[in-house]
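Student: what follows is a predicted structure for the sequence shown.
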Amino acid sequence: MKFFIGGEDCGSDIRSFLTNKLELSRRAISALKNNEKGIVLNNKRVTVRAILSEGDVLELTLEEDGYEDGDLVPIPIDIPIDVIYEDEALTVVNKPYGMPTILSHGHYDDTLANALAFRYRDKSFVMRAVNRLDRDTSGICLVANSRRSAHILGEQMQRKEIRKRYVAILEGYLESDGSYKSIKTRIRRCDQSTIMREVTDDISSPEAHTLYRVLAYGDRYTAVVAEPITGRTHQLRVHFSYLGYPILGDTMYGNPSDILQRQALHAFEISFVHPYTKSPITLESEIPDDILNAARTDNIDLSLSCLGSKL
C-alpha cells in the first residue's frame with residue numbers, strides 16, 4: 001500500500017497515522033514493524049516513530065501469512081461465483097445455496113473460500129469472511145481483502161453498523177400489523193450437538209436480537225423481511241422456529257418441504273461504510289428462482305421489483 005502524505009498529516013508520527021488514519025490493529029502494526037519492508041518512507045526503512053512531512057511517500061507491506069478463518073488453507077478451485085462488488089478492500093459475493101462459506105469437516109473443496117482462492121490465485125490470498133451464511137442459505141457474503149479492511153469492517157460489525165436484511169418464507173400464518181417486530185432471546189448450543197442451537201433462559205448465554213416485518217401472506221405461508229441485529233449461529237432459523245413459524249424447508253428447526261430442497265432464506269441486502277473511502281455502500285442480490293417458485297406456488301410474489309416500498 002502506498003500513501004502520499006498531505007498537509008493534514010504533516011507532523012504526525014507514523015504510529016499515529018497507522019492507528020488513527022488507517023485504523024490498523026496492534027497486531028497489524030506489529031506485523032509491519034517485524035517485516036523488513038513493512039514501513040518504508042521515501043524509499044528508506046523507518047520505525048513508527050518517524051515524523052511525516054507533506055509530500056512524503058509512505059509504503060506499507062503487510063505479509064499475508066496465516067489463515068484467519070481457521071487452520072485450513074483453501075485450495076484454489078475454479079468454482080463459478082457471482083461477484084457483486086470488488087475492489088482492493090473487499091469482495092461481495094452472491095453465494096448460492098449448497099455452498100459453505102469456509103472450509104470445515106467434509107467440505108475442503110466446495111466452499112466460497114476455494115472459489116475466492118482461485119479468483120485471487122495470483123495474490124497471497126487469505127480468507128476473511130466478515131459475515132458468514134449457512135451452507136443452504138443463499139445471498140450476500142462480505143469478504144475483506146486485507147488485514148486493514150478486516151479490522152475496520154470487524155469493528156463496524158461489533159458496533160452493529162453493518163446492516164443485513166433477509167427474505168424468508170415461514171410456515172403458517174404469522175399475524176402482524178405491518179410494522180417491525182422484535183425478537184429478543186438468548187441462544188446456546190444444544191447439548192451433545194456441535195451444530196444445533198436453541199433458545200434458553202440461561203443468562204450466561206449470549207443475547208440474540210432479530211427485527212422482522214411481514215411482507216405478504218399466501219395460502220399456507222408468510223413471507224417476511226428479517227434483520228439480525230446480532231449475529232448468532234442459525235439466529236433467524238432458531239428465532240422463527242421459536243415463534244412457532246419455522247422457515248420453509250428448514251429440516252433442522254422445522255420440517256421437510258415438498259416444494260423446496262433447502263431453507264427459504266436469502267440474504268438480499270447489505271449496507272456498510274467502505275473501510276477505505278468511508279463512503280456508505282448498499283448492495284442487493286436478486287432472490288433466487290427456487291425461493292421465488294416456492295413463493296409462487298403459495299400465491300406470493302417475492303421479486304425485489306414487486307416488493308418495492310414494502311421493504
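Tutor: Structure received. Numbering: from 1, shown residues only.
Student: quick one, strands of the stretch 51-200 of the chain?
Tutor: Secondary structure of the stretch 51-200 of the chain (DSSP state E, counting those that start in this stretch): strands at 57-60, 82-86, 90-95, 138-144, 163-171, 181-189, 197-200.
Student: so which of these is the most packed in?
Tutor: The highest mean neighbour count among those, using mean count of other CB atoms under 10 Å, belongs to strand 138-144: a mean of 24. C-beta coordinates here come from the backbone N, C-alpha and C atoms, glycine included.
Student: now that one against strand 90-95, angle please.
Tutor: Interaxial angle, strand 138-144 versus strand 90-95 (axes from the mean of the first three to the mean of the last three CA atoms, to 10 degrees): 160 degrees.
Student: and the angle from strand 138-144 to strand 82-86?
Tutor: Going by the same axes, to 10 degrees, strand 138-144 makes 40 degrees with strand 82-86.
Student: can you report how many residues neighbour the residue nearest to residue 160 when sequence neighbours are not counted?
Tutor: If the residues on either side of it in the chain are set aside, residue 160 comes closest to residue 229, at 6.0 Å by CB to CB, 6 or more residues apart in numbering. Counted with other CB atoms under 10 Å, the neighbours of residue 229 add up to 16.
Student: OK, contacts around residue 75?
Tutor: By CB atoms under 8 Å, 6 or more residues apart in numbering, the contact set of residue 75 is 108-109, 114, 117.
Student: quick one: which of these has the most company?
Tutor: Ranked by neighbours (other CB under 10 Å), these are led by residue 114, which has 24 neighbours.
Student: for residue 101, see how far away that one is.
Tutor: 11 Å (CB to CB, to the nearest Å).
Student: and if you look at residue 280?
Tutor: 24 Å.
Student: do residue 36 as well
Tutor: 34 Å.
Student: the two - which one has more neighbours?
Tutor: The neighbour comparison of residue 36 against residue 101 (other CB under 10 Å) goes to residue 101, with 22 against 9.
Student: list the contacts for that one?
Tutor: Contact analysis of residue 101 by CB under 8 Å, 6+ apart lists 95, 111-113, 129, 132-133, 135, 141.
Student: which residue is the nearest non-sequential neighbour of it?
Tutor: Leaving aside its sequence neighbours, residue 101 sits nearest to residue 132 (CB to CB, 6+ apart; 4.4 Å).
Student: and the one you found, what does it touch?
Tutor: For residue 132, the contacting residues are 101-102, 141, by CB under 8 Å, 6+ apart.
Student: double-check that residue 242 belongs to a helix.
Tutor: Yes. Counting by DSSP: H, G, I helix; E, B strand; the rest coil, residue 242 falls inside a helix.
Student: the closest residue to it other than its chain neighbours and residue 205: what is the separation?
Tutor: With CB to CB, 6+ apart as the criterion, residue 242 has its nearest non-adjacent residue at 4.7 Å, and that residue is residue 199. Distance, residue 199 to residue 205, using CB to CB: 9 Å.
Student: mutual contacts of those two, please.
Tutor: The contact sets of residue 199 and residue 205 overlap at 186-187 (CB under 8 Å, 6+ apart).
Student: that's a strand at residue 253, yeah?
Tutor: No. Assignment of residue 253 by three-state DSSP gives coil, placing it outside any strand.
Student: next, count neighbours for the nearest residue to it once chain neighbours are set aside.
Tutor: Nearest residue to residue 253, sequence neighbours excluded (CB to CB, 6+ apart): residue 241, at 3.9 Å. Neighbour count of residue 241, defined by other CB under 10 Å: 21.
Student: what's near enough to touch residue 241?
Tutor: Residue 241 makes contacts with 247, 250, 253-254, as judged by CB under 8 Å, 6+ apart.
Student: between the lengthiest strand in the chain and strand 181-189, how many degrees?
Tutor: Longest strand of the chain, by residue count under DSSP state E: strand 207-217. For strand 207-217 against strand 181-189, the angle by the same axes, to 10 degrees is 130 degrees.
Student: who does strand 207-217 pair up with?
Tutor: Strand pairing for strand 207-217, using DSSP bridges, gives strand 181-189 (antiparallel), strand 221-228 (antiparallel).
Student: roughly how far does the residue nearest to residue 253 sit from residue 254?
Tutor: As judged by CB to CB, residue 241 and residue 254 stand 6 Å apart.
Student: and if you look at residue 209?
Tutor: Plainly put, residue 209 is 21 Å away from residue 254 if you go by CB to CB.
Student: cool, residue 61 as well?
Tutor: Per CB to CB, residue 61 is found 50 Å from residue 254.
Student: out of those two, which sits in the busier spot?
Tutor: Legend: neighbour count by other CB under 10 Å for residue 61 and residue 254, higher for residue 254 (18 against 15).
Student: who's in contact with the more buried one?
Tutor: Contacts were defined as CB under 8 Å, 6+ apart; by that measure residue 254 touches 171, 237, 241, 246-248, 263.
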